[in-house]
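**Q** would you be able to build a 3D model of this:
(one chain, ligands or ions: 1)
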Amino acid sequence: MTQRLALVTGGEGGIGTEICRQLGHAGRRVVTTCMDPEAANIEAWAEALRKEGIDANWIQCDVSDLSACEKMAETVREQYGDVEILVNVAGITKDGFLHKMDYEQWFDVININLNGAFNVTRQFVESMRKAGFGRIVNISSVNGQAGQFGQTNYSAAKAGMHGFTMALAKESAPKGVSVNTVSPGYIKTSMTDAIPDKVREAIISQIPAGDLGEPSDIARAVAFLTADDAGYINGANLPVNGAQFCSF
Ligand code: CAA
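**A** Here you go, the predicted model:
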């Protein structure tokens, strides 16, 4: 049987790479979208995963650009076949208090983090419905659940992603497609490296687990939700945050 194909947007980042690795080790073929292949040194990224025995590939795509996503989906279909697992990871931060935030900071974050999830998912959900099987995971954030200083843009986009998840789960469940959210807490990546040291220390002091999480902690949740036998878990949010924020 052909191994299922997983598309991971922003798969070259800290969390994305670990998701690709764990999906690959679970027997999935993996393709990542990459905004800037040269800057990401994406061929070396793919080669490193291939050395671990993973069928890993990449395709250039700006997820905030709908027509680029349409073209990307066409190419993926031609070269690799139907996407059966989709993980929307691509995201950025442009932090700043709202009273200092400019339009670009707001729209860039909404366009990549939230509109990007629509632009990409729109391309693949129909074939999943037709096949009667699909797994979609949207990577949100604890800051979408709880809000965060300097992140009105990011918190709005990430909260929006879970609304998107819940509505799409209702539409998709009758067709064998599950749609879930994973909400990472603060994870060791370049994104959290960029937080001012004093602020990062204050945040860590509020995490009962005592430290930032690892990208593999998030990948483990994604591998779980995308398993072939996980289909009844649908419309859920799975927080992975070291007990920083607990809720129903
Ligand atoms: N908690 C409490 N107080 C905070 C705070 C926080 N998280 N962030 C800022 N403040 C306070 C500062 O201590 C400071 O207080 P004083 O005036 O009393 O000194 C005041 O707010 C102003 O802060 P700054 O001097 O830093 O103001 P600034 O305009 O230069 O920057 C900021 C503000 C952009 C919010 C900056 O503090 C910052 O980058 N904070 C980190 C934001 C953050 O957590 N981003 C998460 C990135 S990781 C991520 O997003 C991944 C994920 O999903 C979890």
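**Q** now stretch 33-46: average pLDDT?
**A** For stretch 33-46, mean pLDDT is 95.
**Q** center of the chain - which residue?
**A** For the chain, the residue nearest the mean C-alpha position is residue 89 (1.9 Å; C-alpha atoms, centre = their mean).
**Q** distance of that residue relative to the ligand?
**A** Look at residue 89 and the ligand: by C-beta to the nearest ligand atom, to the nearest Å, they are 11 Å apart. Yep, even glycine has a C-beta here, placed from its N, CA and C like the rest.
**Q** so where's the longest strand in the protein?
**A** Counting residues, the longest strand found in the chain (DSSP state E) is strand 177-184.
**Q** can you give me how far it is from the chain middle?
**A** With C-alpha atoms, centre = their mean, to the nearest Å as the basis, strand 177-184 stands 9 Å off its chain's centre.
**Q** mean confidence score for that strand?
**A** Averaged across strand 177-184, the pLDDT comes to 98.
**Q** that strand pairs with which strands, parallel or anti?
**A** Within its sheet, and counting by DSSP bridges, strand 177-184 is paired with strand 134-139 (parallel), strand 237-240 (parallel).
**Q** quick check: buried residues in that strand?
**A** Using 16 or more other C-beta atoms under 10 Å as the test for burial, strand 177-184 gives 177, 178, 179, 180, 181, 182, 183, 184.
**Q** can you give me the end-to-end span of stretch 8-15?
**A** Stretch 8-15 has its terminal residues 11 Å apart, counting by C-alpha to C-alpha, to the nearest Å.
**Q** and stretch 138-154, by the same measure?
**A** With C-alpha to C-alpha as the measure, stretch 138-154 spans 14 Å from end to end.
**Q** show me what contacts residue 42?
**A** Applying C-beta atoms under 8 Å, 6 or more residues apart in numbering, one finds that residue 42 lies in contact with 12, 32, 34, 58.
**Q** which residue does the protein bring closest to the ligand?
**A** Proximity of the chain to the ligand (C-beta to the nearest ligand atom) peaks at residue 150, 2.4 Å away.
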